[in-house]
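# Predicted structure and sequence below. I'll ask about it afterward.
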Amino acid sequence: MSLRAGVLPMQWLHRAVHDGWIASSGTPLEERQFQPSSLDLRLGPVAYRIRSSFLPGHETVAAKLRCLTMYELSLEPSAILERGHAYLIPLLEELALPPYIHGKADPKSSTGRLDIFTRVITDTHSRFDDVRPGYQGQLYLEVFSRSFTIQVHHGLSLNQLRLFFDQPRLDDTALSRLHTVEPLLFDDHHEPIPLDSMHLDGGLFLGVDVSGGPDAIVGYKAKKNSDIIDLAKERCYDPSAFWEPLYRRANRPLILEPEDFYILASKEKICIPPAYAAELMAYDTGSGELRTHYAGFFDPGFGYGRDPHRGTKAVLEVRPHDVPFLVEDGQLFCKLCLDSTVEIPSQLYGAELNSHYQSQALTLSKQFLPWPT
């Protein structure tokens, strides 16, 4: 294959399967796994309850598992993963990458919005979610659900993989140039945000929207000790049994409590042009001791092609650490980084792929019914 620097889009991922870069042990890959610039990875038939998280370093994951496994769980057809326990699940997909291709994994949006912490581990490597160039071997997924006890199934997808050739990330100069031609950020009035009003420093910084209003919900806080959530179900659960709504009252600050989990929305609306893919990066700790997202991939076409209402809010998965944290409207929380794609995907994110979050505002994961009015 002749490549230019970029993220491999859907049609190239199909080619990668054909060429043997991506394979599946015993279960053929399914069309539903292919996204515009990523591949959904699937859980294998068994999960291992482990004593602690780990990185294999110079060892294989299997060797580490022999020391850390407490017991096994069959995921055929399903199993319960308890809140606050760590599990390692071999994935169905295996890789045999050429030396010029590397990868990165991230949780799917619905996974992050449920406060499920997932990280891919590979053999003889000391970084999570990083697939080094030329990697040949199995993929393993660490799963740690912090807020809810969950039910998972063999073949369920909790995370996704991107493959890259070279380093296609846009610098601030390229981002500025792109925004003048294809606006990347919009305001609530569907107008492009002026370049001189944007914050750029290794990416586009996004603020948080807690403007509120009379009886307006500005976020959700996860309840403790709620019922089991079956991740295979959609639009099934009453959200009020699992979440508390947050309101921004007049003259009362919004303060997030340490180690509680919150769903908030970005101030800006994001629009990803067809020839680019994006990743939401956590802001550095100098902005406050909090994690601002778990799920970070935005496919080409996210928030795009919806004239005159261009752009879609990013949903932020927020967990403060150590101390209570005051949140003010427009406060910078995270930044958006863009990568070029090798070529425009054969399909874009949106209605043609039955994409769940293309028109979202402040939206819980797909397992929940709309918030009761």
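Done, it's in.
# so what's the closest residue to residue 130 other than its chain neighbours bridging to?
Counting by Cβ to Cβ, 6 or more residues apart in numbering, residue 130 lies nearest to residue 104, which is 6.2 Å off, once chain neighbours are set aside. Placement of C-beta: from N, CA and C, glycine included. Beta bridges link residue 104 to residue 130, residue 162, judged by DSSP bridges.
# Residue 137 now?
Beta-bridge partners of residue 137, counted by DSSP bridges, are residue 95.
# coming back round to it: quick one: the residue nearest to residue 130 and residue 160 touch, right?
No. The criterion here is Cβ atoms under 8 Å, and residue 104 misses it with residue 160 at 9.6 Å.
# Settle it for me: which of those two has more neighbours?
A side-by-side neighbour count of residue 104 and residue 160, using other Cβ atoms under 10 Å, places residue 160 first with 23 against 20.
# What does the pLDDT read for the more buried one?
Residue 160 is assigned a pLDDT of 96 by the prediction.
# secondary structure class for it?
Following DSSP: H, G, I helix; E, B strand; the rest coil, the label given to residue 160 is strand.
# cool, the one 4 residues further on as well?
Secondary structure assignment for residue 164 (three-state DSSP): strand.
# ok, it - contacts?
Residues counted as contacts of residue 164 (Cβ atoms under 8 Å, 6 or more residues apart in numbering) are 6-8, 101-104, 339.
# is it true that residue 44 touches residue 88?
No. The pair residue 44 / residue 88 is not scored as a contact, 10.5 Å apart, by Cβ under 8 Å.
# sorry, back to before: out of the contacts of residue 164, which comes closest to residue 365?
Comparing these against residue 365 with Cβ to Cβ places residue 104 closest, at 22.1 Å.
# Is it correct that residue 177 falls within a strand?
No. Looking at residue 177 with three-state DSSP, it is helix, so not inside a strand.
# Leaving out sequence neighbours, find the closest residue to residue 129.
Leaving aside its chain neighbours, residue 129 sits nearest to residue 105 (4.5 Å; criterion: Cβ to Cβ, 6+ apart).
# That neighbour contacts residue 131, doesn't it?
Yes. Counting by Cβ under 8 Å, residue 131 is a contact partner of residue 105 at 7.1 Å.
# Now list whatever residues contact both of these two.
Between them, residue 105 and residue 131 share these contacting residues under Cβ under 8 Å, 6+ apart: 120, 139, 161.
# how many neighbours does the closest residue to residue 211 other than its chain neighbours have?
The spatially closest residue to residue 211, leaving aside those adjacent along the chain, is residue 329, at 4.8 Å (Cβ to Cβ, 6+ apart). When neighbours are defined as other Cβ under 10 Å, residue 329 has 14 of them.
# of the contacts of residue 164, buried ones?
Listed as buried from these are 6-8, 101-104, 339; burial here means 16 or more other Cβ atoms under 10 Å.
# Can you identify the element that follows the helix or strand bottoming out on mean pLDDT in the chain toward the C-terminus?
Here the helix or strand of the chain ranked lowest by mean pLDDT, DSSP states H and E is strand 290-291, holding a mean of 69. Using DSSP states H and E, the next helix or strand after strand 290-291 towards the C-terminus is strand 297-298.
# who does that following strand pair up with?
Looking at strand 297-298 with DSSP bridges, its partner strands are strand 276-282 (antiparallel).
# The nearest residue to residue 311 once chain neighbours are set aside in helix, strand or coil?
Spatially, and ignoring its direct neighbours in sequence, residue 311 is nearest to residue 269 (2.8 Å; Cβ to Cβ, 6+ apart). With three-state DSSP as the basis, residue 269 sits in strand.
# With residue 62 instead?
What three-state DSSP gives for residue 62 is helix.
# Show me the helices in the stretch 1-150 of the chain, by range?
Using DSSP state H, counting those that start in this stretch, the helices of the stretch 1-150 of the chain run over 10-18, 61-68, 109-113.
# Redo those helices as a markdown table? Include mean pLDDT and distance to residue 335.
Below are those laid out as a markdown table (pLDDT from 0 to 100; distance: least, Cβ to Cβ, whole Å):
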| stretch | mean pLDDT | distance to residue 335 |
| --- | --- | --- |
| helix 10-18 | 97 | 26 |
| helix 61-68 | 95 | 32 |
| helix 109-113 | 92 | 17 |
